Each structure stands twice: as structure tokens, then as C-alpha cells.
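Peer 1: sequence and computational prediction follow.
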Amino acid sequence: MRKFQLAVVVLATTLMSYAQDPHYSQFFAAPHLMNPANSGSWDDRWQFFSNYRQQWANAGTPFNTFHALFDGRITNDLNKPIVIGGGLGVLSDQSLSGALKSNYLSGSLAFHLKLSASKRVGLGFIGTSGRRNLDFSQLTFGQQFTSGGFDPRGLPSGEPALANMKPFFSLGVGGRYEYKKENLKFDFGAATYHINRPKQTFLSDPNQIIPIRYVGQFNLDYKINSQLSVVSNICYQSQALQSYFSVGGALGYDFSDGTNSKVLYLGSWYRESDAIYPYAALRIGNIQVGLSYDATVSKQNASGVNPQSLELSLIVRPKIKKVNRKNNSIDSILLVYPSKRFIPKLELERIRLNRIIDVRNDFILTYLSLYACKVSLGFLPSIQFLNNLLDTEKSFDPLLASLASQIRNSPGCRIVVIGSTFSNKYEKQLSWDRVASIINYLVEKEGISKDRFIFKYESNESKKDAVILRLAEESELDAGYINPPHPYLRIKLKSK
């Protein structure tokens, strides 16, 4: 009896030593387990991630795995060429009905280099301290058998070597590439974990080490329109003799009510030769909760028992905005801009209304939003062209780059671009083309969405040969593109 039970414990320990690290179906909600270069790569200043997975709940003894991570940017000015991110995570894994416990503490550090307005590369490192414990009170050995049955608390197990597992320290490194515009974001990267091949064994066997784990990952986030978006995640992992890939995606539906963002995600992923797992998530404000269920498609179903695995994830982000209403008035409002550059807690002056407001709340919020844009944008420069010049000069590049940074750091604010001179058809078309050249430069070279700009031109001799930029007023928010007034003259313009 004793030899049989000892063999089971040693076999389980050996298998786990050479098997994969704990993994999640919702791997996209455990970013530093996939690539340390993910650290600090978020649009928000920080994010909190947590996962709980119960694997094989109805097939023998289940595996219970819990993970939590707090991650964010250490340096927060995204206009600087290098941004530093860091994170701290914990992971706890239990098996053999809780007799075997594994606990890990990880710290990650990443450096992100800005290549252009829409491109970044990152390099990250992670260090993990881990320890395993075997709870002998939950196991029985033949040496503990008495005439009254097993006595695991009163008699020794006779296996002291199994209780002496030393802590270990593991190192990992990864890199990633990111491309981002306002409606599209994707990134891909690769990472290597346990590069120092640490020892992890209950026995005095120097050959029992944690094998190196290799990971590749691709993530896509595409906004179709104001309500629909698509997210997709692909990963490949290889460790020792085991490897697999997982691929899938979800459709997001935004049903926000104007006070809180609300998004419902529905989708599914497939893990190679193992499981298909449907996924549902709900994001309300700054909190997102996800649930997945592994529908096993592997040969384990042939045993007549369908292993059940459930997984729950939680993602918390900074609050975007808080609106307080009392007695049909707005007492105060706080706007915090996430993404790209965080405007440190831009507090609008407390607005106290001495009379009952009989206008719609969305009109008030629009007014406050425009005021916040005016504060964050600041002064927008004019661009002076030479006589009859159409194309933007190289000398404009620093000015346009600075202008793009102002616009990018004020998400949600729309800009009016105005051509300022025409006394005949030729000059009217020239004015149109100058405005178009500025907008095209900011869209194509600086990655600003074309929807951010409102096209306009007007007669203004005092601003002759200038293109003027300013914040859009409320009455202009529905305006957009204007067709060229005299397109047949554009050929002549280009030949000058």
C-alpha cells in the first residue's frame, strides 16, 4: 500500500515537473504569463488582471489555479521616445485535492521604444520566485496504518525527503511589436520563460528541472463602427514534449447609455486537439468580467467522462469619467483622459447652477466636453504657405508633428481646418487643396483619424495663404468633408 501511494505522489510530482506551466484558456487576461514585454503597453495608465480556473472538476481531483496581476506604466509621458512599464503578479496552483500546492511571485519590467506615432517595439524581462509544498496531512502511507485504520497525524510518513523542496527562481525575456491607429490596433511578440532552467523537485535529483517554455502571441482589436468591434487572440506555447496553439475571437457590442461605457463580448476559442471554449464577457465602466467553459474535444472523452473546466476573469481599469447629478443639476464633473497621453486628473471647475436646468443632460455634457477640449488642446498654430504653393514643405514637418501631438493627446476633440483665401475659382480650389494636404499629412504620416477633422474654407484676405486650425464649436460637430469646388483646376495646380 505504501509503495503504491508513494508511486502515485512521485509520479504526479514528476509529471508536473516536466509538464506545462499552469495555463489559462483566457490567456489574453493573463498578459505577463504570455510575454513580459506586454507590461505597461496598455492605453490606460494601469490595469489589474485576475483569473480563476477549475480544471477537470468532474474527473478525479481538480486543478485549481488563481492568478492576479497589477501592471502599469512607470513613466507616463507617451511623447518621450522610451516608456517604462512594470508589473507585480501572484499565482497559486493546487492539485491532488489540495495536497500539492504551488505558489509563485513574479515581477516584470518592460521598455517600449516609439518608432513613430503609430508604431512601438518593446523588450521585457520577468523574474519569478516559486515554491511547492506537499501537505502530508492529506495523504496516507502504509507506515501510518494501524489496527484502527490510518493515522496520518500521529505517525510519520517515512518519506522525509518529499517534504524538503527548496524555493526556485526563474527568469524570462520577451519582445513585441505594436501598430496602432484610432480604430485598429494589433501587436505580436515572442517570449522565453525559465531560460536559467531552475531546479524544481521534491527529491535530490539534479536532472529534475523546469523546462524552457516558448510562447508566441498575436492580438487584434478592430473597431468596426461606434457600436461594433472585433477582438482576436492567437497564441502558441511549447514546453518540453508538449506544445499547442490557441486561436479565436469575440464580437463586441457597445450599448453605452451616455454615463457609463457598456460593452458585451461573445466569442469562442479553439485549443489544438484539446477543447473549444465559448467565451462571454461584460464590461461596465472600468470593470470587465469574463467567463469561459472548455468543451473537451480530445481523446479524454473516450473514457466516458467529459472533463469540465471553467474559468473566470476580471479586468479593472482606471475610471474614465464620473458624473454626479443632484436635483436636476450637475454638482461637479471630473474628466480623466485615458489612452496615448494621460492628462493628470483634469478637473473642471465646479459648476453650480442657481436655477433649474430645463435642457437635456447631453447638451450640458457636450458643453463641458468642449470646454475640456479647449483646456487640453491649448493654442493651435496656423500654417503659412508661400504664394501658389500646394504641397506641404519639409520645413513644415516639425510644426505638423507638434500639432499632431496636441491633437493626439486630446482624444475625442474635433478640429476645424480652414483655408483662408480665394477671390476666383483658381484660388478657391487652391484653398481647398491646401486644407486637404494638411489633413492628408496628419492622417497618413501621423496616424490621426480622418474623422477628427472638419473641412472648411472661407474668404479671409487678412489670413491670405494661411491654413487656420481651431477647436470645433458645437454647431460644427456634425460637419465633415467638403467636395472640391472646381476639381478640373486641380490638374493645373499640380503642374505649377
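Peer 2: Great, that's in hand.
Peer 1: quickly note the distance from the closest residue to residue 235 other than its chain neighbours to residue 228.
Peer 2: Using CB to CB, 6 or more residues apart in numbering and skipping residues adjacent in sequence, the residue nearest residue 235 is residue 217, 4.7 Å away. Where you see a C-beta, it was placed from the backbone N, CA and C, and this is true even at glycine. Using CB to CB, to the nearest Å, residue 217 is found at 24 Å from residue 228.
Peer 1: which of these two has more neighbours?
Peer 2: Per other CB atoms under 10 Å, whichever of residue 217 and residue 228 has more neighbours is residue 217, with 24 against 12.
Peer 1: next structured bit after the one helix or strand residue 187 maps to?
Peer 2: Counting by DSSP states H and E, the element that carries residue 187 is strand 184-193. Using DSSP H and E, the helix or strand that follows strand 184-193 in sequence is strand 213-223.
Peer 1: quick one: least confident helix or strand in the protein?
Peer 2: Ranked by mean pLDDT, DSSP states H and E, the weakest helix or strand in the chain is strand 329-335, scoring a mean of 36.
Peer 1: quick one, domains of this protein?
Peer 2: Here the domain assignment for the chain is 2-316, 321-376, 383-494, based on automatic domain parsing.
Peer 1: between those, which has the poorest mean confidence score?
Peer 2: Ranked by mean pLDDT, the domains of the chain end with domain 321-376 in last place, scoring a mean of 46.
Peer 1: list the buried ones in the strand holding residue 187?
Peer 2: Within strand 184-193, the residues that qualify as buried are 185, 187-193, counting by 16 or more other CB atoms under 10 Å.
Peer 1: helix or strand right after the strand or helix carrying residue 434?
Peer 2: Following DSSP H and E, one finds residue 434 within helix 425-444. Downstream of helix 425-444, the next assigned helix or strand under DSSP H and E is strand 453-457.
Peer 1: paired strands for the helix or strand containing residue 278, with orientation please.
Peer 2: Using DSSP H and E, residue 278 sits in strand 275-284. Strand 275-284 pairs in its sheet with strand 262-271 (antiparallel), strand 287-296 (antiparallel), by DSSP bridges.
Peer 1: what does it contact?
Peer 2: Strand 275-284 is contacted from outside by 25-26, 248, 250, 260-271, 288-298, 309, 311, 313, 315, using CB atoms under 8 Å, 6 or more residues apart in numbering.
Peer 1: mind checking which of these are buried?
Peer 2: The neighbour count (16+ other CB under 10 Å) marks 25-26, 248, 250, 260, 263, 265, 267, 269, 271, 288, 290, 292, 294-296, 309, 311, 313, 315 as buried among those.
Peer 1: residue contacts, residue 120?
Peer 2: Shown in contact with residue 120 (CB under 8 Å, 6+ apart): 41, 112-114, 177-178, 180.
Peer 1: surely it is in a strand?
Peer 2: Yes - per DSSP: H, G, I helix; E, B strand; the rest coil, residue 120 lies within a strand segment.
Peer 1: hey, what's it bridged with?
Peer 2: Beta-bridge pairing of residue 120 under DSSP bridges involves residue 114, residue 178.
Peer 1: start the count at 37, not 1, going forward
Peer 2: Will do, 37 is the new start, and the previous item becomes residue 156.
Peer 1: gap between it and residue 143?
Peer 2: 22 Å.
Peer 1: do the same with residue 136
Peer 2: Residue 136 is 25 Å from residue 143, by CB to CB.
Peer 1: before we move on, what about residue 437?
Peer 2: Residue 437 sits 36 Å away from residue 143, going by CB to CB.
Peer 1: before we move on, what about residue 154?
Peer 2: Counting by CB to CB - residue 154 and residue 143 are separated by 30 Å.
Peer 1: how about residue 438, what does it touch?
Peer 2: residue 417.
Peer 1: and the strands in the stretch 337-486 of the chain?
Peer 2: Along the stretch 337-486 of the chain, counting by DSSP state E, counting those that start in this stretch, strands occupy 345-352, 357-362, 365-371, 419-420, 451-455.
Peer 1: that older thread, and the buried residues of strand 220-229, which is closest to residue 408?
Peer 2: Taking CB to CB as the measure, residue 408 lies nearest residue 221 of those, at 24.2 Å.
Peer 1: tell me the contacts of the closest one?
Peer 2: 214-215, 256-258.
Peer 1: partners of it in the sheet?
Peer 2: Partner residues in beta bridges with residue 221, using DSSP bridges, are residue 216, residue 257.
Peer 1: any idea how far residue 169 is from it?
Peer 2: From residue 221 to residue 169 the distance is 41 Å (CB to CB).
Peer 1: likewise for residue 68?
Peer 2: In terms of CB to CB, residue 68 sits 24 Å off from residue 169.
Peer 1: equivalent analysis for residue 301, please.
Peer 2: Residue 301 sits 37 Å away from residue 169, going by CB to CB.
Peer 1: what's the answer for residue 494, then?
Peer 2: 76 Å.
Peer 1: please apply the same query to residue 493.
Peer 2: 74 Å.
Peer 1: who's residue 306 bridged to?
Peer 2: Beta-bridge partners, per DSSP bridges, of residue 306: residue 283, residue 312.
Peer 1: that older thread, who has more neighbours out of residue 136 and residue 143?
Peer 2: Per other CB under 10 Å, whichever of residue 136 and residue 143 has more neighbours is residue 136, with 22 against 16.
Peer 1: wait, doesn't that one sit right on residue 128?
Peer 2: No - between residue 136 and residue 128 there is no contact under CB atoms under 8 Å: 11.7 Å.
Peer 1: now residue 290: phi and psi?
Peer 2: Torsion angles at residue 290 (phi, psi; degrees, to the nearest 10) stand at phi -90, psi 120.
Peer 1: nearest to residue 482, out of the strands paired with strand 311-320?
Peer 2: Nearest of the strands paired with strand 311-320 (CB to CB): strand 298-307, 27.9 Å.
Peer 1: need the contact partners of that closest one.
Peer 2: With CB under 8 Å, 6+ apart, strand 298-307 has contacts from 61, 265, 267, 269, 280-292, 312-321, 324, 326, 328, 330.
Peer 1: please apply the same query to stretch 258-277.
Peer 2: By CB under 8 Å, 6+ apart, stretch 258-277 touches 54-57, 59, 63-64, 70, 218-221, 247-257, 279-291, 299, 301, 303, 305.
Peer 1: tell me how far the ends of it are from each other?
Peer 2: Using CA to CA, to the nearest Å, one end of stretch 258-277 lies 35 Å from the other.
Peer 1: residue contacts, residue 471?
Peer 2: Listed by CB under 8 Å, 6+ apart, the contact partners of residue 471 are 453-455, 491-493, 503.
Peer 1: go again using 10 Å as the cut-off
Peer 2: Residues in contact with residue 471 (CB atoms under 10 Å, 6 or more residues apart in numbering) are 419, 452-456, 489, 491-493, 503-505, 518.
Peer 1: and the closest residue to it other than its chain neighbours, how far from residue 135?
Peer 2: Leaving aside its sequence neighbours, residue 471 sits nearest to residue 455 (CB to CB, 6+ apart; 4.4 Å). Distance, residue 455 to residue 135, using CB to CB: 76 Å.
Peer 1: more neighbours, these two?
Peer 2: residue 455 (29 against 17).
Peer 1: hang on, the earlier thing: dig out what the residue nearest to residue 271 forms beta bridges with.
Peer 2: Using DSSP bridges, the bridge partners assigned to residue 253 are residue 225, residue 271.
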